[in-house]
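Enquirer: I'll drop the sequence and a predicted model, then ask my questions.
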Amino acid sequence: MQFIGGGLFARYCDAIGVRHPAVDELIAYIDSIAQSPDLYIWGENLGLLDVHGLGDLPPPEIAAELPYEIGGEFHRAVESLVEIYMSDHMGAVTDNPQRFIRELFAIVSKHGATLPDLNVFVQPNGRRSFGDRVDDETLHKWRTALRR
């Protein structure tokens, strides 16, 4: 779900015209979850990024690029993106990841982003790959599904 959220967020940034190295770094880091050897450490290192959605506002140079009416929405999109993973980071299993991905989709869909075919994200063995490290072929398939 986190990987799907990252793809939606990338589509959102394209739609609103946000281009910044810190945003690219966040998107790439979110993408890396699919092959992270340790999800706990992945979550802990998220806070080291310049844009991380853990309560801090975007850096001033990004905020300055955003039209006034988009600023708060962008902040909510980043927070919803990160909360997909962080809401259950400490081991609880809740419906919060689904709630946050729906919140993110509600934001990005206002700008024309569409949800990819989610069947692509089911592993060949029929399992949904939440928490399992994916192989290179599957990762390529996922990336392709999230690109327009």
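Expert: Cool, got the structure. Numbers count the residues shown, from 1 in each chain.
Enquirer: which ones are touching P59?
Expert: Shown in contact with P59 (C-beta atoms under 8 Å, 6 or more residues apart in numbering): A22, D50, V51. Where C-beta positions appear, they are placed from N, C-alpha and C, glycine not excepted.
Enquirer: hang on, I meant H75
Expert: L57, P58 are the contacts of H75 under C-beta under 8 Å, 6+ apart.
Enquirer: let's number from 17 now, not from 1
Expert: With 17 as the first residue, the last one maps to H91.
Enquirer: Please work out the average pLDDT along the helix or strand hosting it.
Expert: Applying DSSP states H and E as the criterion places H91 in helix 84-102. Helix 84-102 comes out with an average pLDDT of 89.
Enquirer: ok, the closest residue to L42 other than its chain neighbours - contacts?
Expert: Distances taken as C-beta to C-beta, 6 or more residues apart in numbering place V67 nearest to L42, at 4.7 Å, with adjacent residues excluded. Contact analysis of V67 by C-beta under 8 Å, 6+ apart lists H36, A38, V39, E41, L42, P74, P75, I78, V94.
Enquirer: likewise I46?
Expert: I46 sits next to Q18, F19, G21, G22, F25, L97 when contact means C-beta under 8 Å, 6+ apart.
Enquirer: redo that, cut-off 6 Å
Expert: G22 (C-beta atoms under 6 Å, 6 or more residues apart in numbering).
Enquirer: for the one 5 residues further on, same thing?
Expert: Shown in contact with Q51 (C-beta under 6 Å, 6+ apart): R149.
Enquirer: Please repeat the previous calculation with a cut-off of 8 Å.
Expert: Going by C-beta under 8 Å, 6+ apart, Q51 touches R149, V150, L155.
Enquirer: same deal with H105?
Expert: So H105 contacts Y56, G59 (C-beta under 8 Å, 6+ apart).
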